[in-house]
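Enquirer: Everything below, folded, please.
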Amino acid sequence: MKRSIFLAAIATLAAGSALAQSSVTVYGRLNMTAERFTANKTTTYLLNNNASRIGFKGVEDMGGGLKASFLIESGLSPDTGAASGTFWGRESWVGLEGGFGKVRLGNMGPTNAYFTTADYISMHNHDTGTSEDKIYLYPGRATNMIAYTSPNMGGLVVDAQLGLSENSQFGRTYVLTGNYDAGPLHIGASYLQAGAGISGNVKSKEYGVRALYELGDLTFGAYYIRNDGAYGRSTKRDAIRGSVMYAMGPGELHANYGHAFGIKNNGINDDDVQQYTFGYNYNLSKRTKAYTYYTRVNDPKGVVSGNTGVAKSFGSFALGVRHNF
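Expert: Below is the predicted model:
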């Protein structure tokens, strides 16, 4: 009798585990460059971190098409071993997904407007380090966010995000994006509104469109972005960026050019900002690559934020290694 009860319990546990399969994955990236960095007629030799990170992600299949998932990710600096920024600050969320799509709550990292435009066409170094897109403004906030991703509707996926203010000086952030894949053609559009307190105590808006086309070994990408109010009331700025990649077996040639046109405010135009990058990647395996690039930013009045140190215009020649795990 006891044996029968024991076997029945085992069978019940087995049935329960079949309905709720869960898994946790440890992942990350170590990405470092040795660079010759020149700014303001001064040359510095750097060992530079390119958005290295470690993270944990998991999913539980609860049956009936319903899944629970989570992700926590933290930045780190391999040159010193220190954490870069807030621990788990890169991304941290929990979500549910099913036939209705996917809902997530937490910190999404950059908003989906960034992933739809700037990040999507940055192919040579995953938009990191000194060669990252220096003209993208990163408006809005992706913390304290509710995010929804629709099911795939014939190649179209729609994302909506709401960043709550939570009684802070910052207003809400609203994001709406659409991404459509049709064979070799990948197009996207984004709209973002950032609340007062984020950009000079005025509401700011961003409108973006992006296209990427794969033509055999050649891949072309481009975006156009319009920012209103990013530098204060009544300011407007247009930015464009193009990229191209040519694959040669394990090797890849990359080139991209970005141009932010002068900020318009009451008839006064600020100087334009340009950035160009030429690079070569050699994929040693599916997880590891060696690469080199040269990037140059021309920013006479220091309009671009996020440059290394206090440099306005700069150039950098880099040799790097990236390993994903």
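Enquirer: Which stretches in the stretch 51-200 of the chain count as strands?
Expert: 53-61, 67-77, 82-83, 91-98, 101-107, 145-149, 156-163, 173-182, 185-199 (DSSP state E, counting those that start in this stretch).
Enquirer: Check which helices and strands the longest one sits against.
Expert: Which is strand 185-199. helix 112-116, strand 173-182, strand 202-215 (3 or more Cβ pairs under 8 Å, 6 or more residues apart in numbering; DSSP states H and E). C-beta coordinates here come from the backbone N, C-alpha and C atoms, glycine included.
Enquirer: Specify the beta-bridge partners of the closest residue in space to residue 314 that isn't next to it in sequence.
Expert: Spatial nearest neighbour of residue 314, excluding adjacent residues (Cβ to Cβ, 6 or more residues apart in numbering): residue 39 at 3.7 Å. Beta bridges link residue 39 to residue 42, residue 314, judged by DSSP bridges.
Enquirer: Could you count how many residues lie near residue 39?
Expert: Neighbour count of residue 39, defined by other Cβ atoms under 10 Å: 18.
Enquirer: That one is in contact with residue 313, isn't it?
Expert: Yes - look at residue 39 against residue 313 with Cβ atoms under 8 Å: they come within range, at 6.9 Å.
Enquirer: Any stretches of the protein with poor pLDDT?
Expert: In the predicted model, the chain carries pLDDT under 70 at residues 1-21, 168-169, 196-202, 231-233, 265-270, 302-311.
Enquirer: between the helices and strands packed on strand 185-199, which gets nearest to residue 243?
Expert: strand 202-215 (8.5 Å; Cβ to Cβ).
Enquirer: Report the next helix or strand after the closest one in sequence order.
Expert: As assigned by DSSP states H and E, the chain's next helix or strand after strand 202-215 is strand 218-228.
Enquirer: Quickly run through the sheet partners of that next one, with directions.
Expert: Paired strands of strand 218-228, defined by DSSP bridges, are strand 202-215 (antiparallel), strand 236-248 (antiparallel).
Enquirer: what does stretch 247-258 rub up against?
Expert: 121-124, 133-135, 217-219, 239-246, 274-284, 293 (Cβ atoms under 8 Å, 6 or more residues apart in numbering).
Enquirer: Among those residues, name the buried ones.
Expert: Neighbour-count burial (16 or more other Cβ atoms under 10 Å) applied to the contacts of stretch 247-258 gives 121-124, 133-135, 219, 239, 241, 243-245, 274-279, 281, 283, 293.
Enquirer: Could you export stretch 250-267 as CSV, keeping only the C-alpha atoms?
Expert: The C-alpha coordinates for stretch 250-267 follow below in CSV (Å, rounded to 0.1, in the frame of the first residue of the first chain):
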residue,chain,number,x,y,z
PRO,A,250,34.7,34.6,-41.9
GLY,A,251,35.7,38.2,-42.6
GLU,A,252,33.5,41.3,-42.8
LEU,A,253,34.3,44.8,-44.1
HIS,A,254,32.2,47.6,-42.5
ALA,A,255,31.7,51.3,-43.2
ASN,A,256,29.2,53.7,-41.8
TYR,A,257,28.5,57.5,-41.8
GLY,A,258,26.3,59.5,-39.6
HIS,A,259,25.4,63.2,-39.9
ALA,A,260,23.4,65.3,-37.4
PHE,A,261,22.3,68.6,-39.0
GLY,A,262,22.7,71.8,-37.0
ILE,A,263,20.2,72.3,-34.2
LYS,A,264,17.5,74.8,-35.3
ASN,A,265,16.2,77.2,-32.6
ASN,A,266,14.6,80.6,-33.4
GLY,A,267,16.4,80.9,-36.7
